[in-house]
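# got a predicted structure plus its sequence, pasted below:
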Amino acid sequence: MKSLTAALILISLIGLSYAGETITFNVTGEARIENGDTLLARHIAIGYAITSALDQAIKQFLPNDVIEANRDIINRNVLVNHLGYLNKLSITEVQVKNSSSNTYSIKASIAIEMSILKAKLKQNKLLDFRQNLPKVISFVQEKNIDNVHWHFQMNTFNNTELTIWKILDLKGYTKDIQAQVLSNITSDAEQSFYGDDNSVIAGQASGMAADIIIVGKSISRPIVTLESEGDSISAVAMVTIRAIRAVDARELGSSSTSATVKDTSESTAGALAIGKAAEEAVINLLPALSEDWSSGLEPVVSFTMFVSGLKSLESLISFKNEFLNSVDEIQKFERRTFSSGAAAYDVESTLDIADIVATLKAKGLESFDINIRSHSENSIDIRVKAK
């Protein structure tokens, strides 16, 4: 069998569309033609295109850091049977280049069975990170072309929210809380989400046991309406959403997008445009949900640190500087007393005391030998000696 090592591949994601439990990826695959064997090159190009579609499908479930940390497991246990995830493959274009590049190139539309892929990822424990995702709810005010007033959904999802949750569900967020909220929410509570006061919005979300709430507005308008029946109608939609952290009303991120869609029905064109714009908006917002939401929420430990063996004010200053350089996670380091070579500090840290002790033992201090005489849940007693 001929070696595949010389095969040249250039694959890129052109677009994707959603349809039930499948996602269709439009990809290209390219392989070098060796010894005039066009059939083998075609086979290799198709294989690379399928792998490219699967790589993009996996990214719908896993963030990049999880993918990179588990690359060997993914290659060995998930991608090994790539044909098992294939729903449909349609080659849309073929190019054979017999010049110096000597390549066989295809463009293909490949539909991946997402439920089968999800089950395989779960089997290999690659979805376990989802247990630590924040609890999200979403309330976005919507007005389609045919609506005179803004839609108040009460007990149902509107079009924008359905799109948001389509993306969030793929990423592992659960809408359990949202479903509970929708079954009990009052009109007054819902309307409070559509104001500009982040504190009010966050307070409501916190009371509903949510970590993050997505709020905003989506609206569609007709562009051109033609007189002849059956002619297509263009609609443009604008979607603006933002994510607010419930615990402190901090705005984690925002996204504003637009989209234009044509259809024979004005209402349908508007709804499709809203869905298209909402999809892009929530994808833009995903990093704020997964990466930024817990920033500044690390638990802070407060304790007293006693330090003896400091012979002078200069050694006191040196100790403080070297300690803070050695232990990065200190939030507060204030001297309470200094007398007869001994100092007491009020300290706050995102590390617990056991971790601080371990860090000091591992890193040490440049100018001092350290003897940690004792430590408890609320204090550390250190004896230092100048080197």
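Great, that's in hand.

# when you work out contacts or count neighbours from here on, use the C-alpha atoms and nothing else.
OK.

# tell me who's in contact with the residue nearest to residue 121 when sequence neighbours are not counted.
Closest residue to residue 121 in three dimensions, ignoring its sequence neighbours and counting by Cα to Cα, 6 or more residues apart in numbering: residue 127, at 6.3 Å. Applying Cα atoms under 8 Å, 6 or more residues apart in numbering to residue 127 gives the contacts 61, 62, 121, 172.

# give me the distance between residue 127 and residue 133.
11 Å (Cα to Cα, to the nearest Å).

# just the closest of the contacts of residue 127 to residue 164, please.
Of all the contacts of residue 127, residue 164 sits closest to residue 172, with 12.5 Å by Cα to Cα.

# shared neighbours, residue 127 and residue 133?
Common neighbours of residue 127 and residue 133 (Cα under 8 Å, 6+ apart) are residue 172.

# where do the strands sit along this structure?
13-19, 22-32, 86-97, 103-113, 136-143, 212-224, 233-245, 251-263, 301-308, 330-339, 342-349, 368-375, 379-386 (DSSP state E).

# can I get these in TSV with distance to residue 156, mean pLDDT and mean neighbour count?
Formatted as TSV, these follow (distance: least, Cα to Cα, whole Å; pLDDT from 0 to 100; neighbours: other Cα atoms under 10 Å):
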stretch	distance to residue 156	mean pLDDT	mean neighbour count
strand 13-19	22	40	12
strand 22-32	25	89	25
strand 86-97	32	86	14
strand 103-113	28	90	23
strand 136-143	11	90	25
strand 212-224	16	89	22
strand 233-245	19	92	24
strand 251-263	23	92	19
strand 301-308	43	92	20
strand 330-339	45	90	14
strand 342-349	44	92	18
strand 368-375	55	92	14
strand 379-386	53	93	17
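
# format those strands as JSON lines; extra columns: distance to residue 275.
Formatted as JSON lines, the strands of the chain follow (distance: least, Cα to Cα, whole Å):
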{"stretch": "strand 13-19", "distance to residue 275": "11"}
{"stretch": "strand 22-32", "distance to residue 275": "16"}
{"stretch": "strand 86-97", "distance to residue 275": "24"}
{"stretch": "strand 103-113", "distance to residue 275": "21"}
{"stretch": "strand 136-143", "distance to residue 275": "11"}
{"stretch": "strand 212-224", "distance to residue 275": "9"}
{"stretch": "strand 233-245", "distance to residue 275": "9"}
{"stretch": "strand 251-263", "distance to residue 275": "9"}
{"stretch": "strand 301-308", "distance to residue 275": "45"}
{"stretch": "strand 330-339", "distance to residue 275": "44"}
{"stretch": "strand 342-349", "distance to residue 275": "45"}
{"stretch": "strand 368-375", "distance to residue 275": "57"}
{"stretch": "strand 379-386", "distance to residue 275": "56"}
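
# next one: stretch 271-278 to chain centre, how far?
21 Å (Cα atoms, centre = their mean, to the nearest Å).

# meant to ask about stretch 188-207
On Cα atoms, centre = their mean, the centre of stretch 188-207 falls 24 Å from the chain's centre.

# could you do stretch 208-219 as well?
That offset, for stretch 208-219, works out to 16 Å (Cα atoms, centre = their mean).

# show residues contacting that stretch.
Residues contacting stretch 208-219 (Cα under 8 Å, 6+ apart): 134-145, 160, 177, 181, 193-194, 201-202, 205, 237-247, 274, 278, 289, 293.

# on that earlier part again, farthest pair in the contacts of residue 127?
121 and 172 (11.9 Å).

# who has more neighbours, the two?
For residue 121 versus residue 172, the count of surrounding residues by other Cα atoms under 10 Å is larger for residue 121: 20 against 17.

# mind checking how far the more buried one is from residue 87?
With Cα to Cα as the criterion, residue 121 and residue 87 are 18 Å apart.
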